[in-house]
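have a look at this prediction, sequence included:
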Amino acid sequence: MSIHLQRAIENLNRQVLSLGGLVEDSVLHAVRAVEERDDAPAQHAFRNDDAIDAMEVEIEEECLKILALYQPVAADLRFIVAVLKINNDLERIGDTAVNIAERAVYLAAHAPLHAPFGFAEMGEKTQAMLRMSLDALVNANPDLAYAVCARDDEVDALNRDAYIAVQDAARAHPDELEALIHVLSISRHLERIADLATNIAEDVIYMARGEIVRHRLEEFAPNNDN
């Protein structure tokens, strides 16, 4: 690898990590806004959105410039391809955090629900998956990435539980239907963030091992010998 390519890749890695940190911050504040019924954390997530969008564009442009200037191959090429995909997923997570924050603002402005669904566990698991996927990226750790993928079913199950809880609450308190729809939407958005964190983990596996595992994760086990 030429010294110029090495420096470009190191700079690109720093950019992606900065974007990941900002996205993680948005999710944290969006979830906090829901749990605390507080408008202030939601506003924090809103303010991050423009910066996330700008960074996503910068990273994509940097990837294309590296491809054009240095024509990387093998592991370097896999890294660039993975970053292009991860970059897009991080921006989508940022957008999803904004969607959660918007619904948190609505709920904070209305009376508490009689049978609210507790988002503490779902929010914690979703944020843990995102944090682990970014750690896997930082350390090029495919085993950690596999652990992220293994957690996705847990968040899916909590989303199903939320649907049942909202359905039951709507029957008991039909006057709260509109607010309950916002609750269900928050659950679906959290589940979507978990899916996108899984996408990032799958791209880390590709980057580290050259394996495309999207549709066949069950065929691969973490390699504990590394």
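Sure, I can see it.

may I have the host helix or strand of Leu130 as CSV, with CA atoms only?
When secondary structure is defined using DSSP states H and E, the element that contains Leu130 is helix 120-139. Once non-C-alpha atoms are left out, helix 120-139 reads as follows in CSV (Å, rounded to 0.1, in the frame of the first residue of the first chain):
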residue,chain,number,x,y,z
ALA,A,120,-36.1,1.2,28.4
GLU,A,121,-35.1,-2.4,27.5
MET,A,122,-35.7,-2.0,23.8
GLY,A,123,-33.8,1.3,23.7
GLU,A,124,-30.9,-0.2,25.7
LYS,A,125,-30.6,-3.2,23.4
THR,A,126,-30.8,-1.2,20.3
GLN,A,127,-28.2,1.3,21.4
ALA,A,128,-25.9,-1.6,22.5
MET,A,129,-26.2,-3.1,19.1
LEU,A,130,-25.2,0.2,17.4
ARG,A,131,-22.3,0.7,19.8
MET,A,132,-21.1,-2.9,19.3
SER,A,133,-21.3,-2.5,15.5
LEU,A,134,-19.2,0.6,15.6
ASP,A,135,-16.7,-1.0,18.0
ALA,A,136,-16.5,-4.0,15.5
LEU,A,137,-15.7,-1.5,12.8
VAL,A,138,-13.1,0.3,14.8
ASN,A,139,-11.3,-2.9,15.6
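
contacting residues around that helix?
Contacts with helix 120-139, where a contact means Cβ atoms under 8 Å, 6 or more residues apart in numbering, come from 16-17, 20-21, 23-24, 27-28, 31, 34-35, 86, 93, 141-142, 144-145, 147-148, 151-152, 154-155, 158-159, 162, 187, 190-191, 193-194, 197-198, 200-201, 204, 207. (Glycine included, C-beta is placed from N, CA and C.)

who are the packing partners of whichever helix or strand comes after it?
Note on helix 120-139: by DSSP H and E, the next helix or strand toward the C-terminus is helix 142-172. Here helix 142-172 touches helix 120-139, helix 177-209, going by 3 or more Cβ pairs under 8 Å, 6 or more residues apart in numbering; DSSP states H and E.

ok, and for the shortest one, which residues are buried?
This means helix 120-139. Buried residues in helix 120-139, defined by neighbour count with 16 or more other Cβ atoms under 10 Å: 122-123, 125-134, 136-137.

just want the angle from it to helix 177-209.
The directions of helix 120-139 and helix 177-209 differ by 20 degrees, with axes from the mean of the first three to the mean of the last three Cα atoms, to 10 degrees as the criterion.

looking at helix 120-139 now, give me its mean pLDDT.
Across helix 120-139, the average pLDDT comes to 94.

hey, what's the angle from it to helix 142-172? Just curious.
Orientation check (the same axes, to 10 degrees): helix 120-139 against helix 142-172 gives 160 degrees.

next one: the last one
Between the direction of helix 177-209 and that of helix 142-172, the angle (the same axes, to 10 degrees) works out to 170 degrees.

in the chain, where is pLDDT below threshold?
Along the chain, segments meeting pLDDT under 70 span 1, 115-116, 215-226.

repeat the analysis, applying 80 as the threshold.
Residues of the chain that meet the criterion pLDDT under 80 lie in 1, 114-118, 214-226.
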